[in-house]
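1. Here is my input, please return the structure:
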Amino acid sequence: MNRKIWFGAFLLSSHLAAASLPLHIYTLQAQATPDTITARKRVVVEYKDYYIQADRVQYDQKKGIIRLFGHIFIVAGKKYSSWSQSALLDLRTDKLLSSPFFFNESSSKLWVAGTKLKAKRKKVELQHSFISSCSVECPDWRFFFDRAVLDQQKHWIDLYHMRVYIKDTPLFYFPYIGFSTFKERQTGLLRPKIGISDNEGLIYIQPFFYAPTNWWDLELDPQIRTQRGYGLFGTFRFVDSPNSSGSLTTGFFKERKSYLANKKLKNDKHYGLELFYKRRGLFFDRDGIYVDSKNYNDVDYFNLQKSEEVEGLESIVTSRYNYFVNFGGDYFGLYARYFKDNRKEDNSDTLQLLPSLHYHRYTRSFLNNHFSYDIDVRVNHFYRKRGLNALEYQLSLPIRFHTMLLDDFLGFCVSEKLFANYADYNFVNKHLNKHWDNEYLYKNTHELSLYTDLVKGYQNFFHTLHLDATLNIPSFEKKGGDRAPFINIEDNSKKLTLTLKEYFYNDEGQEIFYHRLTQPIFYEADQKWRDLENELGFRIDPHWLFNSDIFYSHQRGEITSVVTTAAYKNQRYNLFLSHFYKNRVQGEQDSNFLRLHVSENLSKTYKLFATIDYDFLRDRTRNWSIGWQMRKSCWSYEISFKKETIPLLTSEGSNSYQDNTLYFRVELYPLGGISQSIRKTQERRIF
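-> Reported below is the predicted structural model:
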């Protein structure tokens, strides 16, 4: 005969049924028999990592089975949850059956709704279901499938007989598709890059990502361009210490003979090797290394690593190698610079800096801090295979006396600036530099400075003003030999430098305006008044930022250089405008170009963007692009058109050509997506 037990608050623990089962049932009303417990009204079940709510729960103690009915909510671990009307939990096998169901994974925001769910330990099987990460009420996209298997341990899901729906319209059918639900790095194929070019045909790049550990990974990018050739590029990335990281990139591309002949390319193979590495604390706590090395046979090595867009390259590509170490007040540096001019077929006459040694002693004070000095020593090796080379030795030793006058209102500083420089053109290959006599220079300069720093507060802002007048007077100078064009030493001339620096800050301490004015005056030169530099910048409000740096030539009576930038950003608009103007002396090429990037967020979802580079001297557009972007929490797409100039090395020299690229991308979160570009190459133009 059944016994009916009523509790105001009822708890059945696992030891009542089987001591080995970590089962707890919480309810306001329960009914028990020797084999069965039935709970009603706000029932909660806790079992291992399951947390379950239901209208009614029936527990078969003999079989170890829990049956759940009505408004069932199940949480499994920290990431998975489901809703259903009927479910069964087998405590012996940890098997869960549920129908119909709604299943959600919090980390990827994927949800699944279907007719039947079967979960056993680390695997979940679904039948006749929909999957999406969009709004449940009206999803923009969803996949319908007959059967799916989710491996929670491998973070992978397999879908069988899948149909793709946009809203309620079916678009595609796939007999099988599988993808990862894991957000972290893992080995596998990445999204392919696909493009179409009238010159190169179909472009297909299939990246493969290999990530065996958390401190290094490898990406291989085999590619084929059906009308041009084939190649392989790869990047090895690593983090070898908490204070360092690096990457190694290499690649190779083989041209088809027909394409090589048609485009008159200089090389039938394009290859290169790039190394990037930076680290602090290499051998000591206060040392570091920085390497950014680029070695390649021609500029197409970079161009071929892209499918939908080609990043603009400078005419001269610089490789940098730096090592430094600090020992208290002393600094040692070892540098090297290697320059490659993409406009040249032969780089043997390009001047390199291989290497440069640097020692600096930081400022030391003595005699009650009124006196100070520092030391700077450099050794520069200028090298090239063809042309003039040099080994330059340079020493700078300023000694200063400093004091404050007029109750700290006026500062006074007098310095003796000792300087020595020696350029040896004949340390090697004397026959190449026999027409150049080694240069030496020894000089001292007196420097007198008067300056003041003023600060005044106002109701809503405060103002700082720095005024400085520095007079340089040559003391002695001894020099001889020939000075090469690449030996840059400031003339030892009597000059006065007037400087004004002022800053305005709001009542929150944020800079709202700055102004810097510098005027050098050379007393003994024909051109006494050198270029006046006037730099200013201001923030009109939290959205507008403006900067300008202007050089004015008194001798020519005109502006010689202007660099201006303006930026505006709010929730809807983002604008960046830059203008560069250089009025060079006769015989040199002037520059005058503008770059504009603007985007508008038409809503939280839609964005319109455009970029233009315009050359005023040549009255033509160098590069421009326009595009449209849609971004929601569950998917996004982008459509853009770009016209740009691409450098090219041919058998006739350095050329360029223009590419018209139509690009589009669709991505479904977190599944991934596809992208494709269609390129049309226009007639080449000589640089």
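2. Now for the closest residue in space to residue 673 that isn't next to it in sequence: which residues touch it?
-> Setting aside the residues directly before and after it, residue 673 is nearest to residue 667 in space (Cβ to Cβ, 6 or more residues apart in numbering), at 3.2 Å. Bear in mind the C-beta positions are built from the backbone N, C-alpha and C, glycine included. Counting by Cβ atoms under 8 Å, 6 or more residues apart in numbering, residue 667 touches 635, 636, 637, 673.
3. Lowest-confidence one in those?
-> pLDDT across the contacts of residue 667 is lowest for residue 673, at 77.
4. Let me know the secondary structure of residue 302.
-> helix (DSSP: H, G, I helix; E, B strand; the rest coil).
5. That one and residue 296 touch, don't they?
-> Yes: assessed by Cβ atoms under 8 Å, residue 302 is found in contact with residue 296 at 7.1 Å.
6. neighbour count winner among these two?
-> residue 302 (21 against 18; other Cβ atoms under 10 Å).
7. beta partners of the nearest residue to residue 424 once chain neighbours are set aside?
-> Nearest non-adjacent residue to residue 424, counting by Cβ to Cβ, 6+ apart: residue 391, 4.5 Å away. Taking DSSP bridges as the rule, residue 391 bridges to residue 381, residue 424.
8. Now do the contacts for residue 391.
-> 379, 380, 381, 382, 423, 424, 427.
9. Likewise for residue 574?
-> Applying Cβ under 8 Å, 6+ apart, we find residue 574 in contact with 568, 597, 598, 599, 600, 601.
10. May I see the PyMOL selection of the buried members of these?
-> Burial among the contacts of residue 574 is assessed by 16 or more other Cβ atoms under 10 Å; the matching PyMOL selection reads:
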select buried, resi 568+597+598+599+601
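11. Which two among the contacts of residue 574 are spaced furthest apart?
-> 597 and 601 (14.2 Å; Cβ to Cβ).
12. How much space separates residue 124 from residue 63?
-> Relative to residue 63, residue 124 is positioned 23 Å away (criterion: Cβ to Cβ, to the nearest Å).
13. wait, I meant residue 162
-> 37 Å.
14. In space, what's closest to residue 36 - neighbours in sequence excluded?
-> Nearest to residue 36 is residue 60, by Cβ to Cβ, 6+ apart, at 5.8 Å.
15. Around the one you found, count how many other residues there are.
-> Count around residue 60 with other Cβ under 10 Å applied: 15.
16. who's it bridged to?
-> Counting by DSSP bridges, the residues bridging with residue 60 are residue 36, residue 65.
17. Same question for residue 676.
-> Going by DSSP bridges, residue 676 forms beta bridges with residue 194, residue 664.
18. per-residue confidence at it?
-> 74.
19. Is it in contact with residue 663, as I believe?
-> Yes: using Cβ under 8 Å, residue 676 is in contact with residue 663, at 7.4 Å.
20. how much space is there between residue 505 and residue 409?
-> With Cβ to Cβ as the criterion, residue 505 and residue 409 are 22 Å apart.
21. that older thread, kindly provide the distance from the residue nearest to residue 424 to residue 355.
-> Distance, residue 391 to residue 355, using Cβ to Cβ: 11 Å.
22. overlap in contacts of these two?
-> Any residue near both residue 391 and residue 355 by Cβ under 8 Å, 6+ apart counts here, and that gives residue 381.
23. Residue 260 in helix, strand or coil?
-> Applying three-state DSSP: residue 260 is helix.
24. Just give me the neighbour total for the residue lying closest to it once chain neighbours are set aside.
-> Closest residue in space to residue 260, ignoring its immediate chain neighbours: residue 268 at 5.1 Å, by Cβ to Cβ, 6+ apart. Residue 268 has 14 neighbouring residues, counting by other Cβ under 10 Å.
25. My read is that residue 268 contacts residue 253, right?
-> No: using Cβ under 8 Å, residue 268 is not in contact with residue 253; the gap is 9.6 Å.
26. list residues touching both of these two?
-> By Cβ under 8 Å, 6+ apart, no residue touches both residue 268 and residue 253.
27. Give me the contacts around the helix or strand harbouring residue 149.
-> In the assignment (DSSP states H and E), residue 149 maps to strand 141-151. Strand 141-151 is contacted from outside by 112, 122-132, 134, 156-166, 170, 181, 634-635, 668, using Cβ under 8 Å, 6+ apart.
28. Give the partner strands of the helix or strand that that strand is followed by in its sheet and their orientations.
-> Using DSSP H and E, the helix or strand that follows strand 141-151 in sequence is strand 156-166. Paired with strand 156-166 in the same sheet, following DSSP bridges, are strand 141-151 (antiparallel), strand 169-180 (antiparallel).
29. Give me the mean pLDDT for strand 156-166.
-> Per-residue scores along strand 156-166 average to 89.
30. sorry, back to before: most widely separated two among the contacts of residue 391?
-> 380 and 427 (12.5 Å).
31. Among those two, which residue is more densely surrounded?
-> Set residue 380 next to residue 427 and count neighbours by other Cβ under 10 Å: residue 380 wins out with 21 against 12.
32. got the contact list for residue 255?
-> The contact partners of residue 255, by Cβ under 8 Å, 6+ apart, come to 228, 229, 265, 267, 268, 269, 270.
33. Beta-bridge partners for the second one, please?
-> The reference is to residue 229. For residue 229, the beta-bridge partners are residue 225, residue 255 (DSSP bridges).
34. List the buried residues in the helix or strand residue 565 falls within.
-> Here residue 565 sits within strand 558-569, counting by DSSP H and E. By neighbour count on 16+ other Cβ under 10 Å, the buried set for strand 558-569 is 560, 561, 562, 565, 567, 568.
35. surely the last one meets residue 546?
-> No: with contacts counted by Cβ under 8 Å, residue 568 stays clear of residue 546, the gap being 9.3 Å.
36. More neighbours: which of residue 162 and residue 63?
-> A side-by-side neighbour count of residue 162 and residue 63, using other Cβ under 10 Å, places residue 162 first with 19 against 12.
37. and the more buried one, bridged to which residues?
-> residue 174.
38. show me the residues around it that make contact.
-> Residues near residue 162 by Cβ under 8 Å, 6+ apart: 143, 144, 145, 173, 174, 175, 176, 177.
39. what about residue 411, distance to residue 404?
-> 6 Å.
40. ugh, wrong one, residue 68
-> In terms of Cβ to Cβ, residue 68 sits 83 Å off from residue 404.
41. So these two - more neighbours on which side?
-> Using other Cβ under 10 Å, the more surrounded residue of residue 68 and residue 404 is residue 68, with 26 against 12.
42. Just the buried residues of the one helix or strand the more buried one maps to, please?
-> Residue 68 belongs to strand 65-76 when assigned by DSSP H and E. Neighbour-count burial for strand 65-76, counted by 16+ other Cβ under 10 Å, picks out 66, 67, 68, 69, 72, 74, 75, 76.
43. Could you do stretch 550-560 as well?
-> Those would be 550, 551, 552, 553, 560, for stretch 550-560 by 16+ other Cβ under 10 Å.
44. Report the contact partners of the second one.
-> Right, residue 551. 531, 532, 533, 559, 560, 561, 562.
45. again, but for residue 492
-> Applying Cβ under 8 Å, 6+ apart to residue 492 gives the contacts 443, 445, 474, 477.
46. farthest-separated two in those?
-> Farthest pair in those, by Cβ to Cβ: 445 and 477, 8.9 Å.
47. ok, the two, which is more surrounded?
-> residue 445 (21 against 14).
48. so the more buried one makes contact with residue 472?
-> Yes: with contacts counted by Cβ under 8 Å, residue 445 reaches residue 472, the gap being 5.3 Å.
49. mind giving me the domain split of this structure?
-> The record assigns the chain these domain ranges, following automatic domain parsing: 1-92, 365-530.
50. residue ranges for the helices of the stretch 501-650 of the chain, please.
-> Here the stretch 501-650 of the chain has no helices by DSSP state H, counting those that start in this stretch.
51. Show me the shaky parts of it.
-> The stretch 501-650 of the chain contains residues with pLDDT under 70 at 586-588, 646-650.
52. Can you give me the neighbour number for residue 206?
-> 15.
53. pretty sure it is touching residue 188, no?
-> No: in this structure residue 206 lies outside contact range of residue 188 using Cβ under 8 Å: 11.7 Å.
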